[in-house]
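Enquirer: Can you look at this prediction? I've put the sequence above it.
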Amino acid sequence: MRRFLRSGHDPTRERLKRDLFQFNKTVEHGFPHQPSALGYSPSLRILAIGTRSGAVKLYGAPGVEFMGLHRENNAVMQIHFLPGQCQLITLLDDNSLHLWSLKVKGGVSELHEDECFTLRGPPGAAPSATQITVVLPHSSRELLYLGTESGNVFVVQLPAFHTLEDQTISSEAVLQRLPEEARHRRVFEMVEALQEHPRDPSQILIGYSRGLIVIWDLQDRRVLCHVLSSQQLENASWQRDGRLIVSCHSDGSYCQWPVSADSQQPEPLRSCVPYGPFPCKAITKVFWLTTKQGLPFTVFQGGMPRASYGDRHCISVVHNGQQTAFDFTSRVIDFTVLIEADPAAAFDEPYALVVLAEEELVVIDLKAAGWPSVQPPYLASLHCSAITCSHHVSNIPLKLWERVITAGSRQNTHFSTMEWPIDGGTSLAPAPPQRDLLLTGHEDGTVRFWDASGVCLRLLYRLGTAQVFDTDTDPNDNLNPQGEEDWPPLRKVGSFDPYSDDPRLGIQKIFLCKYSGYLAVAGTAGQVLVLELNDEAAEQAVEQVEADLLQDQEGYRWKGHERLCARSGPVHFEPGFQPFVLVQCQPPAVVTSLALHSEWRLVAFGTSHGFGLFDHQQRRQVFVKCTLHPSDQLALEGPLSRVKSLKKSLRQSFRRIRRSRVSNRKRRPAGLMGEAPESSTRAERAGLQNMELAPVQRKIEARSAEDSFTGFVRTLYFADTYLRDSSRHCPSLWAGTNGGTVYAFSLRVPPADRRMDEPVRAEQVKEIQLMHRAPVVGILVLDGHSVPLPEPLEVAHDLSKSPDMQGSHQLLVVSEEQFKVFTLPKVSAKLKLKLTALEGSRVRRVSVAHFSSCRAEDYGEHHLAVLTNLGDVQVVSLPLLKPQVRYSCIRREDVSGIASCVFTKYGQGFYLISPSEFERFSLSTKWLIEPRCLVDPAETKNHSQPRNSSGTKRASGQARNSGSQSDGEERRPGLVMEHALLNDERVLKEIQSTLEGDHGSYGDRRSQRSTAGYSLSNGGAE
């Protein structure tokens, strides 16, 4: 009975837990998924982006961020700021209008939705009668003009959204006020353009799709001027002084029209088809902007020759005889030109072009020669090539940080030197407490280094590995502009390039030593590169070593992809991380685990066939170990054979169900459970009422040794500990597999003076087989004080205390189903926590994190941060393995989000909420990186040139998943998979486990992400 009792409630511990743990989702890094609308406030200098999921995101100076979410998950079609105010209007695809405000609360600005409104027509009217196509906020700040599909313009009063029916501008009223010769054909249909006169707020421009443009007098309700084009109208705008109108049309032309009080139809001053004479696509938007030099800027979207370039997404800029068609790799959503904000200024003086494409934001400097791009400090296109893995490194030394930044700055010489022009708002957030790096591996073989210290995720450096191999890719293909004689004058801009010519280049594991500058990266085709940071360019050959993981096996044949062919001879490398050795695994399967020990100069790697150890100082292989089970032919089929493996996985799932039912029948007792005497039963029941019972543990079914991918190496770990006996400690390598096996090798590393003369020797000393054969996802050694062993070189740099080597060490093995502590060197079980038996969940990510108290500066504890397949994050104490807190973090259906999660060393985490966005969360009360900023409506900016500002804030009226959650928050029930063919929950979980990518496939490259902390999982963060 005693083992069912739970320890009593400790008020002191509960208070301490409140000081240590708190869950918050703090900020979203990257580019918004599926953007659908763009808005810009010249007075506030703030940019707004709407998405198809109903989110509204505002950006100002670097770090100034706000996020709001509509109650309805409808797409945002248009965003308009009210002139000179901290308010904006959004139009959704359900025809509803929403008013948002930036309000100051508690010293910081927050984004709130104030009102919503849907334009209603008279009873029986067609939906098109009130379907809004154009929104015009009037400079009076009180009126909203709404153009509709029916040709009517409705007027709504703000902020109450009161419709002023007597001010409606109907198409019939406009038709009656046109000259007789202009009424001879149907000139109306939907309203395509609404623009207020730049000098006279009593006049507005109304453009109709059939080509009619009228200047309407709001006071006298009459037509002051009209023009009628022979082509369908796409858009129209004023010139700054109000004397000219520029219109663009469906045939790829744009026209300039004079504005006169004459009732006669004026002729266009200029009509141009920029890319004629052959048929062209429509120009959908045009700007005609004046300068002091007298030569205007013409900026327009579309208009490309239909036959040859109809599939291009282009925005063209024409000025002073120079014309460039900026070619984007994704669809252009919208664009705007940043100009002189003072309405009284005589000239526009454009200085930047801001383009929102479907996959990135691009800003182009219109002041510099050649119109270069401006490097964005935020809204980075994380998915310029698909992210395949990530790795976080905390507290980077200043020297390494500066060297990485220097190497990255040499890659950015093609960017403009203009300061970021979108610089509204003021940051109130404190400076980041330390320097953090987030490394992302990509499908095209690149590794990107991001500054993850604060709210903005900023690209520091880009490492390419493709030049090591013979491929058909040329990294400069997309950067070379066309020659001067080419027409149209296309120029590729932006960084988004989702196409990889060879998916074998994909990066699967990353491990960086922040003290030595060594970096190890491993890829899809079994390639492991070891790199060293070099401040100078070099031309050197990369030494190649082959590691045959099946050397002692016979009868196996690899059916997957071929290895990459490495280049022979010297290769030119730019300053930065330069590879000096390549280890090629055979068979060339996906590398599933990676560990680097820079002090011993060793790198360990694992695949679905086994693991090996390589001495990168002597450039020699130490050993390889095959972990392949004789019945595991599936591991040799490779990722291109995953379709076949699904059938086998389903078959094995049903076999498990069958075995489970048989074992249940065998364990069922012969007698009935209710045959005990009634008196003793009543006594036991009375005693139980006075106790708190521990949860009843469910039975865990043991997995068969014949299950597929049992030899899949999940984690690798280096440790200096007691392995052979309790009198001597020695270097060791630990490996955990998908079949629940842990291998321990003792290593003999020669002293420094004989390091190059004597080889590193390894000998297998231990082999642990977990009873239920659950996959091993983490291994950790605790010293005599039950503290995790420090990282390599951490003690040498005086950044950590020396480990206690006097007391007995402990080994922690984390499987998907339980945590288990063993004593060393005997490897006898000491205690365990059965996570699956208690909660039915399985461990997906685990890392050691240090949690500091928010009250006591010098107090902190080491614990395990755990992510389960249900999307929960938990904190488990060390070394007693007691659950501390649990929060619901990721939807259980979001398999890719769970697979992409990476923890940091100080209780934070990142996971992908879309292919282009990381969600940042924190489990710590002290380490909380979140935006805090202020936008003051009284301080509107009326200057045209960009300036510097260190801003930071993100407040949200209806922020998605914002705020802390209480321990044990109730989770919404959800399916394990959305499209399952079977209803049995156990079968569904097995299918999910298979498809999550535990077997290293092309399709599920995010299955084995690196985790943070003390290298619990391979590729763990520093």
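Expert: Thanks, I have the structure now.
Enquirer: Now do the helices in the stretch 751-900 of the chain.
Expert: Along the stretch 751-900 of the chain, counting by DSSP state H, counting those that start in this stretch, helices occupy 835-839, 895-899.
Enquirer: And for the chain?
Expert: Listed in chain order, the helices of the chain (DSSP state H) span 11-20, 171-176, 306-309, 398-409, 642-667, 678-688, 835-839, 895-899, 985-995.
Enquirer: And the shortest one, what's buried?
Expert: Read that as helix 306-309. Across helix 306-309, burial judged by 16 or more other CB atoms under 10 Å covers 306, 309. Every C-beta, even on glycine, is put in place using the N, C-alpha and C of the backbone.
Enquirer: any idea of the mean pLDDT for that helix?
Expert: Averaging pLDDT along helix 306-309 gives 92.
Enquirer: Distance from that helix to the middle of the chain?
Expert: Distance of helix 306-309 from its chain centroid, counting by CA atoms, centre = their mean, to the nearest Å, is 35 Å.
Enquirer: what's in contact with that helix?
Expert: Contact with helix 306-309 is made by 252, 275, 278-281, 488, 490, as judged by CB atoms under 8 Å, 6 or more residues apart in numbering.
Enquirer: Pull the most distant pair out of these.
Expert: 279 and 490 (18.4 Å; CB to CB).
Enquirer: Look at the two and report which has more neighbours.
Expert: Taking neighbours as other CB atoms under 10 Å, residue 279 and residue 490 compare with residue 490 leading, 18 against 13.
Enquirer: So the closest residue to that one other than its chain neighbours versus residue 290, what's the distance?
Expert: Distances taken as CB to CB, 6 or more residues apart in numbering place residue 327 nearest to residue 490, at 4.6 Å, with adjacent residues excluded. Look at residue 327 and residue 290: by CB to CB, to the nearest Å, they are 27 Å apart.
Enquirer: got any ranges where the stretch 451-600 of the chain has weak pLDDT?
Expert: For the stretch 451-600 of the chain, the stretches with pLDDT under 70 are 472-485, 552.
Enquirer: Across the sheet, point out what pairs with the spatially most central residue of the chain.
Expert: Nearest to the mean C-alpha position of the chain, by CA atoms, centre = their mean, lies residue 917 at 2.6 Å. Under the criterion DSSP bridges, residue 917 forms beta bridges with residue 30, residue 914.
Enquirer: Tell me who's in contact with it.
Expert: 28-33, 382.
Enquirer: ok, now with 7 Å
Expert: The contact partners of residue 917, taken as CB atoms under 7 Å, 6 or more residues apart in numbering, are 28-33.
Enquirer: and what of residue 249?
Expert: Contacts for residue 249 (CB under 7 Å, 6+ apart) come out as 229, 231-234, 282-283.
Enquirer: hmm, 10 Å instead?
Expert: The contact partners of residue 249, taken as CB atoms under 10 Å, 6 or more residues apart in numbering, are 211, 229-236, 255, 271, 273, 282-284, 286, 303.
Enquirer: need the strands for the stretch 101-250 of the chain, in chain order.
Expert: Assigned by DSSP state E, counting those that start in this stretch, the stretch 101-250 of the chain shows strands spanning 108-118, 132-137, 143-148, 153-157, 162-163, 191-196, 203-208, 212-217, 222-228, 233-238, 244-249.
Enquirer: and residue 427, which of those is closest to it?
Expert: Judging the strands of the stretch 101-250 of the chain by CB to CB, what sits closest to residue 427 is strand 108-118, at 10.2 Å.
Enquirer: So what's the residue count around the closest residue to residue 873 other than its chain neighbours?
Expert: Counting by CB to CB, 6+ apart, residue 873 lies nearest to residue 889, which is 4.5 Å off, once chain neighbours are set aside. Residues within reach of residue 889, counting by other CB under 10 Å, total 25.
Enquirer: what's the pLDDT at residue 1010?
Expert: With respect to pLDDT, residue 1010 has a value of 33.
Enquirer: All further residue positions should be reported with the first residue as 56.
Expert: Sounds good: first residue 56 from here, last item residue 1065.
Enquirer: picking that back up, which one of the helices of the stretch 806-955 of the chain has the most crowded surroundings?
Expert: Ranked by mean neighbour count, these are led by helix 950-954 with a mean of 22 (mean count of other CB atoms under 10 Å).
Enquirer: For that helix, which helices and strands make contact with it?
Expert: Other elements packing on helix 950-954 under the criterion 3 or more CB pairs under 10 Å, 6 or more residues apart in numbering; DSSP states H and E are strand 898-907, strand 915-923, strand 963-969.
Enquirer: mean confidence for the last one?
Expert: Yep, that's strand 963-969 we're talking about. 96.
Enquirer: which of the residues in it are buried?
Expert: So, applying 16+ other CB under 10 Å, buried residues of strand 963-969: 963-969.
Enquirer: between that strand and strand 898-907, how big is the angle?
Expert: 140 degrees (axes from the mean of the first three to the mean of the last three CA atoms, to 10 degrees).
Enquirer: Can you list the helices and strands that strand 963-969 packs against?
Expert: If you count contacts as 3+ CB pairs under 10 Å, 6+ apart, strand 963-969 packs onto strand 76-85, strand 442-448, strand 492-497, strand 898-907, strand 915-923, helix 950-954, strand 957-958, strand 972-979.
Enquirer: so can I have a markdown table of these showing mean pLDDT and distance to residue 796?
Expert: Converted to a markdown table, the helices and strands packed on strand 963-969 look like this (pLDDT from 0 to 100; distance: least, CB to CB, whole Å):
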| stretch | mean pLDDT | distance to residue 796 |
| --- | --- | --- |
| strand 76-85 | 95 | 34 |
| strand 442-448 | 96 | 24 |
| strand 492-497 | 97 | 27 |
| strand 898-907 | 95 | 17 |
| strand 915-923 | 96 | 21 |
| helix 950-954 | 95 | 23 |
| strand 957-958 | 97 | 25 |
| strand 972-979 | 96 | 31 |
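Enquirer: No further queries at this time; thank you.
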